[in-house]
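Peer 1: I'd like to go over a predicted model; first the sequence, then the structure.
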Amino acid sequence: MNELLKESTHKLIKLANRLIKAPDNYSRARKSASYKKLKIAVLGSYSIQHFVKLLRLFLDYENIIADIYEGEYGGINMDVLDPASPLYSFEPAFVILLLRHNDFRFQDECGLKEAIEYTDNIFSHISKIDGVTVFISNIALPPERPWGTLEADYAHTSRSLMQKYNLHLTEHHPGNVRILDMEYLSSLKGKESWFDDTAYFLTKQGFNMDYLKDVAAEVTKMILPDLGMVRKCLVLDLDNTLWGGIVGDDGPEGINVDPNDPAGEAFRAFQSYILSLKKRGVLIAVNSKNDEDIAKEPFEKNPNMILKLSDIACFTANWSDKAGNMAYIAKQLNIGMNSLVFFDDNPAEREMIRRFCPEILVIDVPDAPENYVQTLDRADPFEWTVITKEDMNRSDSYQENRKREEMAASFVDYKEYLKALEMKGRTGIVGEKEAERFAQLTNKSNQFNLRTMRYSDGEIRKMMSADDTRLIFVSLSDKFTEYGIISCIVLKKSSGVPELGNTDCFIENWCMSCRVLKRGVENFAFKAVCDAAREMGCSRLVGEYIRTRKNGMVEGLYASLGFSPMEYPGRVLYEYDLAKTTETDGVILSS
């Protein structure tokens, strides 16, 4: 994607036209063995045809073949408010709504109320599309200030009313709606440059065409995590990356993190930014060519360090090659190599990772440390659909894992160790409070995932209200950590397999966080599954295992739980007689 952003809009439109005319020759996605197909609708109050072309191109570079419904100019109402419009028969997975400040009458509170009611009505209609996710642009505030320097002093000026509208979107948008932050993009690029009145009045371009690529990139970044493409861990070098100098030569107090030195202040600013990433749930790891004891000394002895050892989920310092260390870090954190982001000031090390670990995102680090924050921030490597309480506690749970490992070493009997963890679990039917985390975990779990089904927020909310479906969550805590929701199960009565009867219950999806593997959670969850199936009036459970490149660890799960294999052509199915008594192994107590 970054290589596209370096090109001019004119060249990108040429590339997009070539892709549209001869996709078999010019599509990257079609040449990939793992491409995805996606239906997207783009609706706008201004001209959108060039944006649609660039969006198709950007998605293709991410191995997504997009089938795009392009609305007419100013045709949002025509497409959305008419239930017979082609939009609804198209059944898009995503609807992108592009709005502009002059679409509404931001002159008084009545005008603000009209804008909010209009938007809520649009959301209500579009949400009738099964499983749809909506991206709506907020309002990019224009640079004009009719009230001059008093514009910000009063709550009823146009700018203040637009800000209120944007805040309302942020605070009150439905769960299946995400905000395309045009106000941020226009501020980043500069208001006077973003708004092009000549282009708007002549051709109804909503903003300067030079920034079409930036909006296309932004939308692409918002789509990718919905498809399971998520990066979770920032891997950092130390010398001249987290601090100035070389700790092995300069010592822990001789490195530069001096708040009274310009370079030292820049390194501290970078550490502060990293800490903000950690607080939102990004895992922080170290990959350094150093003696481990020496590498840790600045964290322990230099009072000017902002990052502490407790902020690091995996600390790797040795003289091995960094590519091998990356594999070790991924294994220790139980995540895929494609979840890693590498930040190292040494261009040779960066090139090695690119060559031997192509699935890892490598950041082009500038020479000057004062540009580190901006470089990492603009790369936007950690795009997720939501940020939950479980995300924000994730890094701390990895720290607590070390305490568990120390505790486990003192036990000979593993079951006694599990009991000593004092684990408490809770199961329940998903409600509004659990829906966001349920969607997130379902869409990002790969290892403990029996069928690897992905659901949009809209699809989950539809299943929540379906009589023949049960969405079950499992939460867990132990003496060290409150994990929150760590397992998600979807049960459907008499569906999934054509031959199922009215008293059969199909396990459509079952996934679990890798952070709690081998803790007995599957046995605890299984009892809840059986109880829910019996409550639905079912006498038999049917489960399926669909092999992927990453989920081999659960191949034998159903057999271990007492299921029997079923003979069914082309599918790996198991059955369980619900007349049998289902008990847990007692290592997890109900809370």
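Peer 2: Okay, I see it.
Peer 1: neighbours of the residue nearest to residue 448 when sequence neighbours are not counted, how many?
Peer 2: Sequence neighbours aside, residue 512 is the residue nearest to residue 448 in space, at 4.1 Å (criterion: CB to CB, 6 or more residues apart in numbering). C-beta: built from backbone N, CA, C; applies to glycine. For residue 512, the tally of surrounding residues (other CB atoms under 10 Å) stands at 25.
Peer 1: specify the beta-bridge partners of residue 512.
Peer 2: Per DSSP bridges, the residues bridged to residue 512 are residue 448, residue 487.
Peer 1: that one and residue 150, how far apart?
Peer 2: 57 Å (CB to CB, to the nearest Å).
Peer 1: how does this structure divide into domains?
Peer 2: According to automatic domain parsing, the chain comprises the domains 2-227, 233-379, 389-590.
Peer 1: let's have the ones you listed in JSON lines, adding mean pLDDT.
Peer 2: What follows is these, written out as JSON lines (pLDDT from 0 to 100):
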{"stretch": "domain 2-227", "mean pLDDT": "95"}
{"stretch": "domain 233-379", "mean pLDDT": "96"}
{"stretch": "domain 389-590", "mean pLDDT": "87"}
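Peer 1: please verify my assumption that residue 479 contacts residue 418.
Peer 2: No: the criterion here is CB atoms under 8 Å, and residue 479 misses it with residue 418 at 11.5 Å.
Peer 1: neighbour count for the two, which is higher?
Peer 2: For residue 479 against residue 418, the residue with the higher neighbour count under other CB under 10 Å is residue 418, and the figures read 20 against 13.
Peer 1: residue 155 belongs to a helix?
Peer 2: No: under DSSP: H, G, I helix; E, B strand; the rest coil, residue 155 falls outside any helix and is assigned coil.
Peer 1: now do the contacts for residue 50.
Peer 2: By CB atoms under 8 Å, 6 or more residues apart in numbering, residue 50 lies in contact with 9, 13, 205, 209, 212.
Peer 1: of all the residues you listed, which two lie farthest apart?
Peer 2: By the measure CB to CB, 13 and 205 form the most distant pair in those, at 12.7 Å.
Peer 1: please, which helix or strand holds residue 475?
Peer 2: Here residue 475 is covered by strand 469-477, with elements defined by DSSP states H and E.
Peer 1: figure out how far that strand is from the centre of its chain.
Peer 2: Relative to its chain's centre, strand 469-477 lies at 20 Å (CA atoms, centre = their mean, to the nearest Å).
Peer 1: same question for stretch 371-379.
Peer 2: On CA atoms, centre = their mean, the centre of stretch 371-379 falls 19 Å from that of its chain.
Peer 1: and what of stretch 238-254?
Peer 2: The chain centre lies 34 Å from the centre of stretch 238-254; the measure is CA atoms, centre = their mean.
Peer 1: what distance separates the start and the end of that stretch?
Peer 2: End-to-end span of stretch 238-254 (CA to CA, to the nearest Å): 14 Å.
Peer 1: okay, now residue 342: neighbour count?
Peer 2: One way to gauge burial is a neighbour count; for residue 342, by other CB under 10 Å, it gives 27.
Peer 1: who does the one helix or strand it maps to pair up with?
Peer 2: Per DSSP H and E: residue 342 is located in strand 340-343. Applying DSSP bridges to the sheet, strand 340-343 is found paired with strand 233-236 (parallel), strand 361-362 (parallel).
Peer 1: run the chain-centre distance for the first one.
Peer 2: From the chain centre to the centre of strand 233-236 is a distance of 16 Å (CA atoms, centre = their mean).
Peer 1: next structured bit after that strand?
Peer 2: Beyond strand 233-236 in the direction of the C-terminus, DSSP H and E gives the next helix or strand as helix 247-250.
Peer 1: that following helix: what's the following helix or strand?
Peer 2: Heading C-terminal from helix 247-250, the first helix or strand you meet, by DSSP H and E, is helix 262-279.
Peer 1: with only the CA atoms kept, save that following helix in PDB.
Peer 2: Backbone C-alpha positions of helix 262-279 (Å, rounded to 0.1, in the frame of the first residue of the first chain) are rendered in PDB as follows:
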ATOM      1  CA  PRO A 262      17.200  17.400  22.200                       C
ATOM      2  CA  ALA A 263      18.000  13.900  21.000                       C
ATOM      3  CA  GLY A 264      17.400  12.400  24.500                       C
ATOM      4  CA  GLU A 265      14.000  14.200  24.600                       C
ATOM      5  CA  ALA A 266      13.200  12.700  21.100                       C
ATOM      6  CA  PHE A 267      14.000   9.100  22.300                       C
ATOM      7  CA  ARG A 268      11.800   9.700  25.400                       C
ATOM      8  CA  ALA A 269       9.000  11.000  23.200                       C
ATOM      9  CA  PHE A 270       9.300   7.800  21.200                       C
ATOM     10  CA  GLN A 271       9.100   5.700  24.400                       C
ATOM     11  CA  SER A 272       6.000   7.600  25.400                       C
ATOM     12  CA  TYR A 273       4.400   6.800  22.100                       C
ATOM     13  CA  ILE A 274       5.300   3.100  22.500                       C
ATOM     14  CA  LEU A 275       3.800   3.100  26.000                       C
ATOM     15  CA  SER A 276       0.500   4.500  24.500                       C
ATOM     16  CA  LEU A 277       0.500   1.600  22.000                       C
ATOM     17  CA  LYS A 278       1.000  -0.800  24.900                       C
ATOM     18  CA  LYS A 279      -1.900   0.700  26.800                       C
END
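Peer 1: mind giving me the packing neighbours of that helix?
Peer 2: Packing partners of helix 262-279 (3 or more CB pairs under 8 Å, 6 or more residues apart in numbering; DSSP states H and E): strand 233-236, strand 283-289, helix 372-379.
Peer 1: which residues does the residue nearest to the spatial centre of the chain contact?
Peer 2: Here the mean C-alpha position of the chain is nearest to the C-alpha of residue 384 (CA atoms, centre = their mean), at a distance of 2.1 Å. Counting by CB under 8 Å, 6+ apart, residue 384 makes contact with 225, 230, 281, 391, 440.
Peer 1: same thing but at 7 Å, please
Peer 2: Remark: with contacts taken as CB atoms under 7 Å, 6 or more residues apart in numbering, residue 384 is in contact with 225, 230.
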